[in-house]
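Q: here's a sequence, model it:
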Amino acid sequence: MKKAIVLGGGGFIGGHLGRRLKREGYHVRIADIKNHEFWNHDEICHEFIKCDLTDPKAVELVITEGAKKRRLRDLRKYRLSRRHRR
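A: Predicted coordinates for the structure are as follows:
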């Protein structure tokens, strides 16, 4: 199965792109700071990662293979620690 990552998939264009790729048989991973406005995640992707894409560490975690549970926990910890530094 081919894989695709849609950065910014919570918006109109990214959501439609993710939905089309999923229909065409791709394994779709979407990352955005917000949930999609119209569709449930299971309609447009296989994995939805809610993160800040202006953060290079978050993008690195999203694009690496296996960004599932362990890496998502790392991302959440990183976001929490980053908030305390501001």
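Q: could you use CA atoms for every contact and neighbour count after this?
A: OK.
Q: please point out which parts of the one helix or strand Gly18 maps to sit buried.
A: When elements are assigned from DSSP states H and E, Gly18 belongs to helix 12-23. Of the residues in helix 12-23, those buried under the neighbour-count criterion (16 or more other Cα atoms under 10 Å) are Gly14, Gly15, Leu17, Gly18, Arg19, Leu21, Lys22.
Q: and Ala31, which of the three is it?
A: In the three-state summary, Ala31 is assigned as strand, counting by DSSP: H, G, I helix; E, B strand; the rest coil.
Q: what's around it, how many residues?
A: Summarising burial for Ala31: neighbours were counted as other Cα atoms under 10 Å, giving 24.
Q: with Leu7 instead?
A: Number of residues near Leu7 (other Cα under 10 Å) recorded here: 20.
Q: now do stretch 23-43, average pLDDT.
A: Mean pLDDT, stretch 23-43: 90.
Q: for this structure, what spans make up the helices?
A: Assignment of helices within the chain using DSSP state H yields the ranges 12-23, 41-44, 56-63, 69-85.
Q: where in the chain is pLDDT low?
A: Low-confidence segments of the chain, defined by pLDDT under 70, span residues 65-86.
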